[in-house]
Each structure stands twice: as C-alpha cells, then as structure tokens.
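Chemist: compute the structure for the input listed below.
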Amino acid sequence: MSSPPPEPVHDTPVIDMPLPPPGTMGPPTQYGWLRRECPLTRVRLPFGATAWYATRYEDVRDLIADPLLIRPTINDWPPRPDQAADDEPGLITMMELDGPQHAALRRALAEPFSVRAIRRRLPRLRRSADRLLDEFVAGGQPGDLVGGFLEPFPLLAMCDLVGIPYEDRGYFLPRADATLGALVTLDEGRQVTSQLREYIAALLDRKRRKPADDILTELVHAWGRGPLDGESVVAFGLSMLVAGYRTSTMFLADAVVALLAAPGQYARLRDDRDLLPVAVEELLRYLPVMNGVVVLQAVEDIELHDRRIHAGDAVLPVLASANRDERVFADPDRLDLCRADNPHLTFGRGAHNCIGAHLARAQLTVGLEALFDHFPDLHVPDGHRPTWDDESPSKSPLTLPVSWRATTAAA
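Modeler: Coordinates of the predicted model:
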C-alpha cells in the first residue's frame, strides 16, 4: 500500500481512530469522553491518513448537511503521489453525486422508494424471509443465523427491488465489501472500482435490451428523456451494490444480538408487535453501525470548537456517537424499546439523507417479525458465541450460532 502524502500541519494532537472493544459490536468506549472533553479531534485512520472526528449530536447534525463538506470518492481521497496519472473513473455513488444530476436522480427515485411503494412490497418481503428461514431450519441446529438469514435477506430484498441479479452475488459481493471496507483496505477498494462500474454498465445494457419490472429498468427508460443522465444511473447502481444492503444486514444482525443479549427483550417484542415501530427506531439509534463510516471533505476552511478545519481536510461526523449523546437522549446507553423522543441521525440529514430509509425500516421490521414467528424461543446455545471482525470500525457478527425448539413453525 502506498503511503499517503504528508498531512497539513495542525496544532491538535492525533489519536488512533476509536474502535469497538474486541468481541463486541461496540460502541467504542471513548465516545463519552470525546463528547465531553474533545468533541472535535483528529484521528489517525487504519491506513495512515488523518481526519477530523466529530462526536457531539449538534455538530454531527450540522456537518452532515453542510454544503462546505462533500463526499470524496475512495479514488480521490486521500490523494496519492500518482494521482495525476490515474485516469480511472472514481467510485461515484449517490453520496458523491451533487448538483442537478443528484437532484434529477432523487426525483426519479422518489416514488419507488416512497412509504407507499415499500408498503406494497411488504408481503413480498415476508415471503422471501419465510422461504429463507424454512431453508435455514432444514439445515439443522445449531445453525449460523448470519449466513442462513441475516445476510441473504436484505441482499435478496435489494436485488429484487432494484433489479440486480441475486445469482451474481458471488461476483459483486466481495468487490462491494472491499469498497465498503476502504477505511481498512484502501488499495483493495480502489482496485475493484472499475470492475464494479463495468458490471453495472453491462447490467444496464441488459435492462435496455430485456426490460424487467425493477428500478434499474425504469431508470434506463427515463435516461435521455429529461435531466437524468447515464452517469447518474450508474451511480445509483453502484450505490445499491456498495451500500444498498450491507448496512441493513448489519443493523438486522446487530439487532438480533442486542435483543438476545438483553434479558426479556426478544420475548417482549415477540409478544407485543405494537411496540415494533417505536422499537425499530430505537434499534436504529442504539446499534453503533454508523461508527465513523461517513467521510466528508471540506471545500473551504471551517471553524468549529476553536479549531480550523482546512479546505481539503477530511471530516468524520460520527453518527453512532451522536445517537448516544446524553445532551439529546436520556440514558443513551440503554436499549429502551419504548423510547418516544428519538431524533436519531442514522439516515443522515440534508440533500444526501438516505433514500432507502423506508426500505431499511421495512427490512428490519419484517426480518424481526419472521424470526419471532419461526423461532419464538431463539437463543444462543451454551458454549457458543458470535464471532466478530475486530479490525472493522463498524461491526456486525460474522457468525451467530442459534438454536430453537424443533417443533416451531411459521405462523
């Protein structure tokens, strides 16, 4: 891996990027101290570059909607000595897209990702969940719930809606995960960029020749009839490959871990489904999936907490820390499934707020309901425990061994 160029000189000490404790989903233990004593500090990322690390709710809320901060591609930041000679196109997703292109794409996607459209898909989502869980049961117990359900369910839901062939997952999953893990595996993430672009370009060509009932086909038909252009459609496809399912997978897996770890919480939701809408929002707040995964870059100097963020500096607004801020949330480190006042920032804010928020909520809700119906007594058997990737800033279990009563069946 090539070393990043020297960083601009700052008078703020640099700390290693906080990571969750080994063997847990987190959050990092430093959050509380940083919010109180050093709400804006500089951190050293795993590949050597540095960034500003913002942990308070009000700062994170403002930074993620600040027009002076843009989302750089993994090809553009951090800059490399060979940058000028690199003519490969960057990994431009919806997060990096701006201006009229971004606005046109958001308009085209407003209806298929609306509350109404996602509600119509709920029966289809449930059928997918039931089918996967029936197959999982057939594999015997204890079984790995991550590989059997928690990973394939959000992926299958995204592929079905968007029009990405689920059977191609063996090709695109490792490449998409390499780009998602760029904070740890920067060079690998950069190397697969062109492969993902080529895959999406070929898929769009297939949609043009053989239309289907999916979002990519709709976008291909809209392409050229208005402000929507080809690069924007490619950016949407890349967004779905890179982030359209993985965060939902992580939230669903961490939700199951959290509910099983807290005595009575799994059974409480199983027996009182009216709690689910509020409980889902609390899980989205409580689970520390969004730990330092949003990387922004200043286009002008910004003053914050008597420090100057220089143009070109990277900024990490830590949504997972903001969602635990005691200034906003009472008893923030407690999972309160009845929490009423819950202005969490999990789906972002401003022009680039998550367009798939309604789909993510539906996947979490349907996934949990299906688990409650198939496995009312789901548990981690004695002598087993989840496994974790402890090098990742954002964590969900790699494996989750579970057992259940053999006589349970779907309702």
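Chemist: next structured bit after the helix or strand of the chain with the lowest mean pLDDT?
Modeler: In the chain, no helix or strand scores lower on mean pLDDT, DSSP states H and E than helix 186-191, which sits at a mean of 56. The first helix or strand that comes after helix 186-191 along the chain, using DSSP states H and E, is helix 193-209.
Chemist: any buried residues in that following helix, and which?
Modeler: 193, 196-197, 199-200, 203-204, 207 (16 or more other CB atoms under 10 Å). Quick note: C-beta positions are derived from backbone N, CA and C, even for glycine.
Chemist: what is the burial count for the closest residue to residue 216 other than its chain neighbours?
Modeler: Nearest residue to residue 216 in three dimensions, chain neighbours excluded: residue 163, at 3.9 Å (CB to CB, 6 or more residues apart in numbering). By other CB atoms under 10 Å, the residues close to residue 163 number 23.
Chemist: got a list of what residue 163 touches?
Modeler: Taking CB atoms under 8 Å, 6 or more residues apart in numbering, we find residue 163 in contact with 203, 207, 212, 214-217.
Chemist: only whichever of those are buried, select them in ChimeraX.
Modeler: Filtering the contacts of residue 163 down to the buried ones (16+ other CB under 10 Å) takes a single ChimeraX command:
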select :203,207,214,215,216,217
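Chemist: make TSV from the contacts of residue 163 and add secondary structure to it.
Modeler: TSV is the format used below for these (DSSP: H, G, I helix; E, B strand; the rest coil):
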residue	secondary structure
203	helix
207	helix
212	coil
214	coil
215	helix
216	helix
217	helix
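Chemist: I figured residue 299 hits residue 71, correct?
Modeler: No - in this structure, residue 299 is not within contact of residue 71 by CB atoms under 8 Å, at 11.2 Å.
Chemist: and the two? Which one has more around it.
Modeler: The residue with more neighbours, out of residue 299 and residue 71, is residue 71; 19 against 13, by other CB under 10 Å.
Chemist: what's the first-to-last distance across stretch 135-152?
Modeler: 12 Å (CA to CA, to the nearest Å).
Chemist: got the buried residues for it?
Modeler: Across stretch 135-152, burial judged by 16+ other CB under 10 Å covers 136-137, 143-146, 148-152.
Chemist: any idea of the mean pLDDT in it?
Modeler: Taken as a whole, stretch 135-152 has a mean pLDDT of 96.
Chemist: for the remainder of this discussion, apply numbering that starts at 2.
Modeler: Shifting the count to begin at 2 puts that one at stretch 136-153.
Chemist: which one of the contacts of residue 164 is nearest residue 38?
Modeler: Nearest to residue 38 among the contacts of residue 164: residue 216, at 45.7 Å, using CB to CB.
Chemist: where does the stretch 102-251 of the chain have low pLDDT?
Modeler: Applying pLDDT under 70 to the stretch 102-251 of the chain flags the ranges 181-192.
Chemist: ranges for the strands of it?
Modeler: 144-145 (DSSP state E, counting those that start in this stretch).
Chemist: residues in contact with the most centrally placed residue in the chain?
Modeler: In the chain, the C-alpha nearest the mean C-alpha coordinate belongs to residue 248, at 2.9 Å (CA atoms, centre = their mean). Residues counted as contacts of residue 248 (CB under 8 Å, 6+ apart) are 290-291, 361.
Chemist: and the contacts of residue 164, which two are the farthest apart?
Modeler: Across these, the longest distance by CB to CB is 11.9 Å; it joins 204 and 216.
Chemist: ok, residue 14 touching residue 44?
Modeler: No - taking contacts as CB under 8 Å, residue 14 lies outside contact range of residue 44: 10.3 Å.
Chemist: the more surrounded of those two?
Modeler: Taking other CB under 10 Å, residue 14 and residue 44 do not tie; residue 44 has more neighbours (20 against 8).
Chemist: let me know the pLDDT of that one.
Modeler: Listed pLDDT for residue 44 reads 95.
Chemist: OK, contacts around residue 162?
Modeler: So residue 162 contacts 113, 122, 215-216, 360 (CB under 8 Å, 6+ apart).
Chemist: before we move on, what about residue 257?
Modeler: 146, 151, 369, 372, 379, 401.
Chemist: among these, which lie within helices?
Modeler: Among the contacts of residue 257, the residues falling in helices (DSSP state H) are 146, 369, 372.
Chemist: for the residue nearest to residue 144 when sequence neighbours are not counted, what are its contacts?
Modeler: Nearest non-adjacent residue to residue 144, counting by CB to CB, 6+ apart: residue 137, 5.8 Å away. The contact partners of residue 137, taken as CB under 8 Å, 6+ apart, are 144, 146, 149-150.
Chemist: do residue 304 as well
Modeler: Residue 304 makes contacts with residue 310, as judged by CB under 8 Å, 6+ apart.
Chemist: phi and psi next, for it.
Modeler: Phi and psi for residue 304, reported as degrees, to the nearest 10, are phi -100, psi 130.
Chemist: may I have the beta-bridge partners of it?
Modeler: Bridge pairing for residue 304 (DSSP bridges) gives the partners residue 309.
Chemist: how far away is it from residue 14?
Modeler: 19 Å (CB to CB, to the nearest Å).
Chemist: separation between the closest residue to residue 403 other than its chain neighbours and residue 351?
Modeler: Take residue 403 and drop its neighbours on the chain: the residue closest to it by CB to CB, 6+ apart is residue 146, 4.8 Å away. For residue 146, the distance to residue 351 equals 35 Å [CB to CB].
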